[in-house]
Every structure is written in structure tokens, then in C-alpha cells.
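Student: The sequence isn't on hand, but the structure is:
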């Protein structure tokens with residue numbers, strides 16, 4: 001069962017939020033998984049398999065779920081987090097015993113833009129409400145505890161008009177600041193001037209702008225989007 005939580009609803013077994021996130025809006029950095037991770041544990045004869053992977057939005061989350069879920073299993077519970085947006089699902093387990101503790105474990109891990117699917121193969125012994133919360137939250141936490149992660153920085157699109165004779169200086173600086181997606185347009189309507197656009201890490205944009213102004217020794221107009 002998937003439900004949406006709000007200030008006026010307290011009976012939902014799962015949570016959902018669609019508030020915009022600073023981490024996903026360009027202007028920050030976030031930690032995510034560098035590869036898919038699987039963790040397996042047997043608890044009172046039930047086998048729990050946690051699979052965690054990176055996602056970018058709800059659509060990719062459901063694509064991930066479709067890929068890893070096992071239709072032969074008793075339950076395929078899940079939770080995901082993309083910035084401030086999250087959703088979770090108990091998939092037939094008692095309300096609030098699977099999705100919520102899984103989401104809490106994701107939040108505690110500090111890892112963003114990920115989905116965790118916990119597949120349960122029932123072993124014949126009921127765990128009770130508390131046991132389920134500990135099981136689903138626990139295997140999610142253990143799956144993420146030693147998972148390989150990487151820091152992803154948001155990119156800022158920038159551009160500037162530069163005289164031909166300064167292209168060498170410009171490209172040297174762009175290489176030093178490890179910019180990406182460099183494009184050049186000569187159709188500026190100005191003699192001997194070209195437009196160069198690129199993307200740079202959000203925390204390097206100001207330093208790059210200052211370095212270019214110093215090294216080019218001319219007034220340069222920057223365009224940011």
C-alpha cells in the first residue's frame with residue numbers, strides 16, 4: 001500500500017513528499033552510491049535481500065523496482081529518496097512496518113538519490129510489528145553502511161564572449177578548472193569574437209570567473225543560466 005502523508009493525515013503506512021530539493025536543483029552537492037549494492041540476511045527463517053541503487057526521479061525509481069523485484073517473493077518493500085522527495089511502500093506488510101523504517105535508514109545514511117528494495121521470502125515464523133520494523137530498517141541500514149559512495153556536484157552553465165587572441169588563455173583556464181561540455185560559436189555578429197559556453201562545478205564558478213578576469217586582463221562579460 002502506498003499512501004501520501006500530510007499534516008492532516010496520520011494513518012498512512014508510507015510517506016511521500018514532492019517538495020523541491022536544494023540538492024536536486026543545481027547549486028549544491030550530494031552523496032550517492034557509486035554502484036549497486038546487495039545485502040542478504042536471514043531472520044527467524046525469513047530471508048531478507050536488500051538491493052540499493054541510484055535513481056534520479058520517480059520514473060527511474062519505478063524502473064529500478066521493476067528490474068530488481070522478485071514476483072515469487074512474499075513481499076517486495078521499498079523506499080526511495082531524491083533530495084526532499086521520497087516515497088515508500090509496505091507491499092502487504094502491516095502498515096508502517098517496512099517502508100517507513102527503510103526510509104528512515106536511508107535518511108540516516110546521508111546517501112541521496114537512491115532507492116532500496118527489500119525482498120522478503122517468508123520462512124514460516126511471524127516477526128510481529130516490532131520485529132518487522134527492526135528487520136526492514138536493519139537490513140536497509142546494513143546494506144548502506146559500507147556501500148561505496150561518491151560526491152556529485154551540481155554544474156552551472158556559463159558562457160562568455162572572448163576575442164580570438166585570448167582563446168589560448170581561456171582554454172588553459174577552463175582545463176585547469178575541469179569544466180565540461182565546452183562549445184564554441186563564431187556567429188556572434190562581432191569581428192574576431194567568439195562565444196564559448198561550458199559547465200563548471202557550482203563551487204568553482206566564482207574562482208574561475210576571477211581567474212579569467214585576472215589572466216585575460218580585459219573586461220569580460222559572463223553569462224550564467
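Tutor: Looks like it arrived, so ask away. Every value quoted in this text rests on a predicted model; they were computed, and no experiment measured them.
Student: domain ranges for the protein?
Tutor: As given by automatic domain parsing, the domain ranges for the chain are 16-151, 154-224.
Student: For those, give me JSON lines that also has mean pLDDT and mean neighbour count.
Tutor: C-beta here means a position set from N, CA and C on the backbone, and glycine is covered the same way. Shown next, in JSON lines, are the domains of the chain (pLDDT from 0 to 100; neighbours: other C-beta atoms under 10 Å):
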{"stretch": "domain 16-151", "mean pLDDT": "90", "mean neighbour count": "18"}
{"stretch": "domain 154-224", "mean pLDDT": "84", "mean neighbour count": "14"}
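Student: For the chain, just list every one of the strands.
Tutor: According to DSSP state E, the chain carries its strands in the segments 16-17, 29-33, 37-43, 46-54, 75-82, 85-89, 114-121, 149-153, 155-163, 180-185, 193-201, 222-224.
Student: Pipe these into TSV and attach distance to residue 61 per row.
Tutor: Formatted as TSV, the strands of the chain follow (distance: least, C-beta to C-beta, whole Å):
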stretch	distance to residue 61
strand 16-17	12
strand 29-33	13
strand 37-43	16
strand 46-54	9
strand 75-82	5
strand 85-89	7
strand 114-121	5
strand 149-153	17
strand 155-163	23
strand 180-185	26
strand 193-201	26
strand 222-224	31
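Student: Quick one, which of those gets closest to residue 216.
Tutor: Shortest distance between residue 216 and those, using C-beta to C-beta, is found for strand 155-163: 7.4 Å.
Student: what's the closest one packed up against?
Tutor: For strand 155-163, the packing partners by 3 or more C-beta pairs under 8 Å, 6 or more residues apart in numbering; DSSP states H and E come out as strand 193-201, helix 205-216, strand 222-224.
Student: In JSON lines, list the ones you listed along with distance to residue 138.
Tutor: Shown next, in JSON lines, are the helices and strands packed on strand 155-163 (distance: least, C-beta to C-beta, whole Å):
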{"stretch": "strand 193-201", "distance to residue 138": "36"}
{"stretch": "helix 205-216", "distance to residue 138": "42"}
{"stretch": "strand 222-224", "distance to residue 138": "46"}
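Student: Sweet, I'm off.
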